[in-house]
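In: Give me coordinates for this.
(2 chains)
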Amino acid sequence: MQNYLLSLIIFLPLAASLVVVLLPEKNTSWSRKLAIGATAVQCLLVIALLAGYKVSTGDPSSLEGFQFVESVPWFSIDLSALGTLSATYLLGVDGLSIALVVLNAVVMLISTIASYSIKEKVKGYYSLLLLLNGSIMGCFLALDFLLFYLFFEFMLLPMFFLIGIWGGPRREYASIKFFLYTLFGSLLLLIVMIGLYASVMDPVQTGSGSVVHTFNMVYMTDPANLIEGSLLAGGYEFLSIPLRMWGFILLFVGFAIKIPVVPLHTWLPDAHVEAPTPVSVILAGVLLKIGAYGLMRTAYLMFPDGATEYAMWVGILGVISIIYGALNALASKDLKRLVAYSSVSHMGFVLLGLASNTTEGISGALFQLVSHGVISSGLFLIAGVVYDRTHDRLIANYSGLATKMPRYTALTILFFFASLGLPGMSGFIAEVLTVLGAFVSQSVNGLLSRGLAIFAVIGLILSAAYYLWTLQRMYFGPFYYRFSGGDELDDLRRREYVVLLPLAILTLMLGIFPGLLLDLMNSTINQFVQLVNLASNWPG
Amino acid sequence: MQYSSENMNTPINWLTLESVSDSLYWLLPELLLTTLILLLTILIISPVKSDKWQKGLVFFGIGPYVLVNGYFSYVLGETQIQNLFNADMLIVNAQAAKWKILLGLSMLVVLLFPLPLTVKRPRGEYFLLLTGVLLGASLLVIANHFMMVLISLEMISLTSYLLTGLARTRYSAEAAVKYFLFGAAATAVMVYGVSWLYGITGHVSLSGSELAMLENNFYPDWVPFLVVTLISSGILFKVAVAPWHIWVPDVYEQTPTPVVAMFSVIPKLAGFAFLIKWITWLQWPVEEVAVLAVLTMSVGNFAALRQVNVKRMMGYSSIAHSGFLMMALLFPGDASVLFFYAAVYIFMNLGAFLLINYYERMYRIQLIKEYDGFFRISPLFGIYLVVFMVALTGLPPTAGFTAKLFLFSGVLAQFQESGSALLMFTFVFGIINAVVSFAYYVRIPYGMIFRDMHSSVNIFKKYSVLENFLCLFLVLAVLLLFFKPEWLMGWINNSSFAF
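Out: All right, here's what the predicted structure looks like:
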């Protein structure tokens, strides 16, 4: 039976975006209502998906491991000399993507609601937001590389416009920088995608005689589908590095830009500082996750040999991101820039967990993705609360906010502590699991050295330092605001509660009952770890 | 000299009356164009002053031209070849007919471009000259003999020089003279090369085994290289492959936009249709094609980054696309990719020029920075422009992406076969060039959307419904061919695309 739930989840916001564009110009409140309505319905659909999702299955190397699979032939072209090229409209969900789909739905709903501060060109704003929503969902659900690439590229345009039109004073610079960085990354993916397509066949359609090339990402994870003597079947070299290693390197760099990994991270602070609050929320909450998800889905599953070969380097880059990001956050004068650099630091843990390729490490990495998605969304909203009132985010301009805004301070403390890894909140579970994974890796599979785990812990201490220092500077002590008596700094308003509280509850819930999330992903993660450890099955 | 006896002994195909009438039948599209040119000449010297008649006549001439070619591509089937007059001069097959359909259709689109104000009445010669270019291009596609190639190239060139000077301003006269001087030199070089070929082999047709004679040990190594380079330069000049591209920027900047749109499509595609024949026949080493391809696209893209004039920028963009089309010549055995790229290039490039023409006519703007803020005045046209620019860069969801995907896949497949690292470099350079090209393509829509207008807008001409529909059609084609590439590819593949 064909199930259309996933298509509905992707195309509902896209359809709503079209409707928003067609709405009459004068009644702008309708576009907001429609956008919130569509995203809420999408959330309900995701809940239905979650209810129907069975936790027991989940082998990411065969289509049976996926649920809610939709498969419609897209095109099949005979390029005489190059063989037949076939692409499928293939969607499916497994343990790697289910949590991120849920995260995306939640973060999208919250950022749509949080968009009340947008007053200009409202129609365009909401239609772009919905467009972004649909294409991000598409990224998480697509199982055909061409389809994935389509959504991946398509995501750039709405984000580019959202930063470029509704952003802060340096929006032009920030949006172009964002676009060029990510475009460069996606072209690296394109190189590998063409190579993979040239080397992988469709085992079902390739019966007798002619070879049918495929973009199917699931087929690409099985070494049995490699075409004999093809580019990625071993034996080919470029600049004396085997092409299979190139495949991993290019995919890694392409997605590392998105994550972002130091030293490819410089677009992120600029984009965050200039983007309006709800867009920052999406950027940190889900957009960065696509990088890590893509790394797992493509680089690790399709090039496990590269993943094990370069595990140490990936781990080292992860640790550098953790520490360098934290040091930058410590030096930031702008609250939003601080949160942005803390994102770089926390995404470093994801990389470290991935590099370890142990059950603990991978679980930690995925848990960190969700947990960081929730916490960083909260943190950007927290930064937005002050910015909305004064249009000023410089930490040094404030002091003693706790006396004027006690409830706001309470929530700030909650999110700060969640982010610095206080036990009982989601960040703690994620970071403990990744560091544990990195620690045991030396004895389990020998990929990482224990020293990395120790350096990662230094990053944790640094994050405690910058958060506590910020708390002390901005929130405690006698009240002071540089430019006025602070009358405009009233406590949280109702709609700010509406967006902040659910995130706070989620953080606590995941911290206290981590099983909720871990059970969902566990079976897939076990298979994933096994598949990557079987790197010797791959030729070359 | 090498007048070998075996050459003299080749059997002579006697011309019979039957074969003449047969051949004339297959020459019908070209005859149609010739008749059209004659009728247009009569109209120009007749007392009828309105150009409506001429315009109508052109459509009634080129429409059937496309239809007849469509019929030919259908009857000729997969492999049938018609050697006209048994002379090895003109060869018609389904592939040539399809190229001609492409040329005819793009000419029809160009004819629908509203003319800019700079072109003064009477405009009769405009239609006449355009038809002349089409006739030359059409002959070049079926040419199989260097006599014919020279005639058709000159047919294209001479009409092009006149079209360049159509605006009759000082600058356009300068561009026309430049184009003429460069073009005449290129033709001279080519003729010189052909005379070498004839001197060595005694033949200048593409059907024989002259190649083997050219490469036999009787001559030093540099001779075949010299001959091939000299001959190729004439065609490479026409299709604007670096380093034969220097005429492009000036000509593109000063020529009326509809004519530029035509220049960027018709002579170029006809040139490539012939190049692939020539390269297959020559078995030209892949390395040289790869070097030319990379050089051309890099020169085009990097020079385009610094341009301030939209048409000049599009000139460099057209050079860059010649580089991409050259990439398709790396696997000449399969021309379907070249054809697909060419077809998509027509849609997106004509679309872009249609919009440039629109803004030039309506607001008299030509500089990139003058486009700032225009999104608010016509959002629909702004969105069209975004689609065309995204397609020209080669990003999804447009057919520009699909075309580049096929192209890069082909290069990789070729690399798999030969293992030459140069092909891998070509592949990587192609992708780098795609990123670079985005940086200049995006400048126009970027300014339109993000920046404010510079001064008050003066609208000079009425809004044209025709332009709007034409743009919509081209946008839809560019988008649809991404989602359904098999619609075009299936049609291309129903006849063999190898010679």
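
In: so is A:Asp491 in a helix, a strand, or just coil?
Out: Per DSSP: H, G, I helix; E, B strand; the rest coil, the local secondary structure of A:Asp491 is coil.

In: What sits closest to it if chain neighbours are left out?
Out: Spatial nearest neighbour of A:Asp491, chain neighbours left out: A:Met405 (4.7 Å); criterion: CB to CB, 6 or more residues apart in numbering or on different chains. Where you see a C-beta, it was placed from the backbone N, CA and C, and this is true even at glycine.

In: now whichever residue of the stretch 301-450 of chain A sits closest to chain B: how far from B:Ser172?
Out: Closest residue of the stretch 301-450 of chain A to chain B, CB to the nearest CB: A:Met302 (16.4 Å). Noted for A:Met302: a distance of 56 Å to B:Ser172, by CB to CB, to the nearest Å.

In: Please apply the same query to B:Met297.
Out: 28 Å.

In: Okay, now the unreliable bits of the chain?
Out: Since you didn't name a chain, this refers to chain A. A:1-2, A:57-58, A:79-82, A:206-209, A:540 (pLDDT under 70).

In: hmm, I had chain B in mind actually
Out: In chain B, residues with pLDDT under 70: B:1-15, B:117-123, B:208-217, B:456-463, B:494-499.

In: related to what we said a few turns ago, pull the contacting residues for the residue of the stretch 301-450 of chain A closest to chain B.
Out: A:196, A:217, A:220-221, A:247, A:251 (CB atoms under 8 Å, 6 or more residues apart in numbering or on different chains).

In: what's the closest of those residues to chain B?
Out: The closest of the contacts of A:Met302, once distances to chain B are taken by CB to the nearest CB, is A:Leu196, at 10.4 Å.

In: Tell me if I'm right that the closest one and A:Ile227 touch.
Out: No: A:Leu196 is beyond contact range of A:Ile227, at 10.8 Å (criterion: CB atoms under 8 Å).

In: helix or strand for B:Val265, which one?
Out: helix B:257-282 (DSSP states H and E).

In: does chain A sit close to the next helix or strand after that helix?
Out: Downstream of helix B:257-282, the first helix or strand assigned by DSSP H and E is helix B:286-304. No: using CB under 8 Å from any CB of the partner chain, helix B:286-304 never reaches chain A; the gap is at least 13.6 Å.

In: elements contacting helix B:286-304?
Out: helix B:310-328, helix B:421-441 (3 or more CB pairs under 8 Å, 6 or more residues apart in numbering or on different chains; DSSP states H and E).

In: ranking those by burial, who's on top?
Out: helix B:310-328 (a mean of 26; mean count of other CB atoms under 10 Å in any protein chain shown).

In: Tell me who's in contact with B:Leu32.
Out: B:61, B:64-65, B:68.

In: neighbours of residue 62, just the number please.
Out: Defaulting to chain A. Neighbour count of A:Ser62, defined by other CB atoms under 10 Å in any protein chain shown: 12.

In: Chain B was what I was after
Out: 24.

In: Helix, strand, or coil at it?
Out: Going by three-state DSSP: B:Ile62 is helix.

In: show me the contacts for it.
Out: B:33, B:36, B:104, B:107-108, B:111, B:131, B:134.

In: Ok, B:Tyr316 next?
Out: So B:Tyr316 contacts B:248-249, B:299-301, B:303-304, B:307 (CB under 8 Å, 6+ apart).

In: which residues of the stretch 401-540 of chain A fall in helices?
Out: A:401-404, A:406-420, A:426-444, A:450-470, A:494-512, A:515-533 (DSSP state H, counting those that start in this stretch).

In: What parts of chain A come near chain B?
Out: A:74-82, A:85, A:149-150, A:153-154, A:157, A:161, A:164-165, A:171-172, A:175-176, A:179-180, A:183-184, A:187, A:190-191, A:194-195, A:197-198, A:229-231, A:236, A:238-239.

In: Got a quick ChimeraX command for the buried subset of these?
Out: Applying 16 or more other CB atoms under 10 Å in any protein chain shown to those, the buried members can be selected in ChimeraX as follows:
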select /A:74,75,76,77,78,79,81,82,85,149,150,153,154,157,161,164,165,171,175,176,179,180,183,184,187,190,191,194,195,197,198,230,231,236,238
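
In: Restricted to strands, list the residues of chain A next to chain B.
Out: A:74-79, A:85, A:238 (DSSP state E).

In: want to try TSV for these, with distance to B:Pro256 as columns?
Out: Below are those laid out as TSV (distance: CB to CB, whole Å):
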residue	distance to B:Pro256
A:Trp74	42
A:Phe75	39
A:Ser76	43
A:Ile77	38
A:Asp78	42
A:Leu79	38
A:Leu85	41
A:Phe238	47
